[in-house]
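# 3D, please:
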Amino acid sequence: MYPPSASAYDRATTVFSPDGRLFQVEYAKKAVEKGTTAVGLVFNGGGLIATDKLIDSKLVNVKSVEKVFKIDEHIGAVASGLVADARKLIDHARVEAQRERVVYGECIPVETLTRSICDLKQSYTQYGGVRPFGVSLIILGVDRTGTRMFETDPSGAFSEVYASAIGQGKSTVDEMFESKYDKNLKFEDAVKLAVKALREANKNNSTWDGLEVYYITEKEKKFKELPKGELEKIVGKTKRRSK
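Coordinates of the predicted model:
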């Protein structure tokens, strides 16, 4: 009897291949690699996340496309991959954050929330009748331990990072961050580096309207969007390339 081919193991989430692979999880990671690039940076006194929605049609209202989500006053996240899957995870995260406030009367720690999200992700790789979440998140917040940022993947694994990227431009951005990132960056320099990384990853085909930068500082502990006017003052407005 011939040994089964690899395709025999890629239809069920719960079945390992002979070489120890879960193909459905790997396919979910491929879905993330097709998503738009998003980046995160920790700077001196806070952190930021940024993405470019890359909306190609003038018929789409850019504001209706969500890539960055506010989870609680002190914490937010950016997604790449299947945004519908991201909304499910964000709804779970918001409930967990509010439960922490009701039960303990305080803000949920960033790592605790990240672990809760990743526990849910992992459970969808272990049971039949479900599929893994095809989305990665960069989760950023400030708690009693300072500024914390975590990157998650569809398997439920997560790691704390100082600078990272998710989506189709991840390798390009990570290479740039390896050479140019510094934990002592000032806020303005971090914004410039994040926008430069997005433009490099998107081959300078970024759209001004689709560019979003959100940040949080250890002083205010408020996750909020950087207004377009202030963003323009920092990096300068660049018109979209014609195709």
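
# Show me the strands in the chain, by range?
38-43, 46-52, 68-72, 75-81, 135-143, 146-152, 158-160, 163-166, 211-217, 224-225 (DSSP state E).

# Take these and lay them out in JSON lines including mean pLDDT, mean neighbour count and distance to Leu193.
Where C-beta positions appear, they are placed from N, C-alpha and C, glycine not excepted. What follows is the strands of the chain, written out as JSON lines (pLDDT from 0 to 100; neighbours: other CB atoms under 10 Å; distance: least, CB to CB, whole Å):
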{"stretch": "strand 38-43", "mean pLDDT": "97", "mean neighbour count": "28", "distance to Leu193": "7"}
{"stretch": "strand 46-52", "mean pLDDT": "96", "mean neighbour count": "26", "distance to Leu193": "10"}
{"stretch": "strand 68-72", "mean pLDDT": "97", "mean neighbour count": "21", "distance to Leu193": "18"}
{"stretch": "strand 75-81", "mean pLDDT": "97", "mean neighbour count": "27", "distance to Leu193": "16"}
{"stretch": "strand 135-143", "mean pLDDT": "98", "mean neighbour count": "27", "distance to Leu193": "15"}
{"stretch": "strand 146-152", "mean pLDDT": "98", "mean neighbour count": "20", "distance to Leu193": "15"}
{"stretch": "strand 158-160", "mean pLDDT": "97", "mean neighbour count": "15", "distance to Leu193": "19"}
{"stretch": "strand 163-166", "mean pLDDT": "97", "mean neighbour count": "26", "distance to Leu193": "8"}
{"stretch": "strand 211-217", "mean pLDDT": "96", "mean neighbour count": "22", "distance to Leu193": "11"}
{"stretch": "strand 224-225", "mean pLDDT": "96", "mean neighbour count": "14", "distance to Leu193": "18"}
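
# can you tell which of the ones you listed is closest to Lys121?
Closest to Lys121 of the strands of the chain is strand 146-152 (CB to CB; 6.8 Å).

# Next, the angle strand 46-52 makes with that closest one.
40 degrees (axes from the mean of the first three to the mean of the last three CA atoms, to 10 degrees).
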